[in-house]
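Asks: pasting the sequence and the predicted model now:
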Amino acid sequence: MSNPIEITDEIVLSKIYHIRGKKVMVDRDLAEMYGVETKVLNQSVKRNTKRFPEDFMFQLSNDEFENWKSQFVTSNSVKMGMRKRPFVFTEQGVSMLSSVLKSDTAIEVNIQIIRIFTRIREVLLTHKDVLFKMEQLEKKLLKQNKKVSKHEQEIQVIFDALKHLLNPPVEPRKAIGFKSN
């Protein structure tokens with residue numbers, strides 16, 4: 001790998017996964033963005049293990065790896081480079097990568113990735129603020145009037161719909177794939 005791919009926000013966002021309750025990026029995706037081989041990236045990390053504690057980087061468990069792999073529809077996982085459990089990096093781990101991968105490309109890519117992680121965090125905080133303000137307004141309306149008018153009922157429906165959009169119920173996902181006998 002010599003040429004890094006063109007990095008857009010959409011590409012970076014598509015490479016962020018939610019694993020163990022954390023937003024992470026996979027070593028192979030990061031290596032591709034930096035324009036290096038995955039083994040080069042991992043060797044640099046292994047030479048600097050003190051810089052990558054468990055909350056910066058971890059290796060997927062076998063179950064996590066199988067689940068992650070099953071998200072890719074492919075008949076040849078060897079060709080996709082998915083023979084080994086990958087390492088994944090949290091936002092802090094991605095940031096730390098810039099200190100071990102010192103190329104200009106790595107620095108530029110890191111800056112862009114960190115900016116995207118920051119925007120994601122800001123959007124999540126904005127949603128929490130909106131929900132908090134809605135709840136305050138809802139309580140205020142209920143305190144002012146014990147009798148609920150049709151108008152207030154309609155407002156309550158809007159509040160409920162917005163709460164549902166901001167905090168959708170977590171439903172267990174159906175297992176997909178082939179069943180073996």
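Replies: Arrived safely.

Asks: in contact with residue 51, which residues?
Replies: 45, 96, 99, 100 (C-beta atoms under 8 Å, 6 or more residues apart in numbering). For glycine as for every other residue, the C-beta is placed from the backbone atoms N, C-alpha and C.

Asks: now residue 31: which helix or strand?
Replies: If you go by DSSP states H and E, residue 31 is part of helix 27-34.

Asks: that older thread, could I get the contacts of residue 51 as a markdown table with neighbour count and distance to residue 69?
Replies: Shown next, in a markdown table, are the contacts of residue 51 (neighbours: other C-beta atoms under 10 Å; distance: C-beta to C-beta, whole Å):
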| residue | neighbour count | distance to residue 69 |
| --- | --- | --- |
| 45 | 21 | 21 |
| 96 | 20 | 26 |
| 99 | 13 | 30 |
| 100 | 16 | 27 |
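
Asks: sitting in strands, which of those do you find?
Replies: Judged by DSSP state E, the contacts of residue 51 include no members of strands.

Asks: which of the residues you listed sits closest to residue 56?
Replies: Closest approach between these and residue 56, by C-beta to C-beta: residue 96, at 5.7 Å.

Asks: enumerate every residue touching that closest one.
Replies: Per C-beta under 8 Å, 6+ apart, neighbours of residue 96: 51, 52, 56.

Asks: run the last query once more with 10 Å
Replies: By C-beta atoms under 10 Å, 6 or more residues apart in numbering, the contact set of residue 96 is 45, 48, 51, 52, 53, 56, 57, 89, 90, 110.

Asks: for the last one, helix, strand, or coil?
Replies: Assigned state for residue 110: helix (three-state reduction, DSSP: H, G, I helix; E, B strand; the rest coil).

Asks: what's the neighbour count on it?
Replies: 20 (other C-beta atoms under 10 Å).

Asks: isn't it right next to residue 92, touching?
Replies: No - Residue 110 is beyond contact range of residue 92, at 11.7 Å (criterion: C-beta atoms under 10 Å).

Asks: what's near enough to touch the residue nearest to the spatial centre of the chain?
Replies: Nearest to the geometric centre of the chain sits residue 23, at 3.3 Å (C-alpha atoms, centre = their mean). Neighbouring residues of residue 23 by C-beta under 10 Å, 6+ apart: 16, 17, 88, 90, 91, 94, 117, 120, 121, 124.

Asks: wasn't it part of a helix?
Replies: No - checked against three-state DSSP, residue 23 lies outside a helix; its state is strand.

Asks: gap between the residue nearest to residue 16 when sequence neighbours are not counted and residue 116?
Replies: Closest residue in space to residue 16, ignoring its immediate chain neighbours: residue 23 at 5.3 Å, by C-beta to C-beta, 6 or more residues apart in numbering. The gap separating residue 23 from residue 116 is 10 Å, by C-beta to C-beta, to the nearest Å.

Asks: joint contacts of those two?
Replies: Residues within reach of residue 23 and of residue 116 at once, by C-beta under 10 Å, 6+ apart, are 16, 91, 94.
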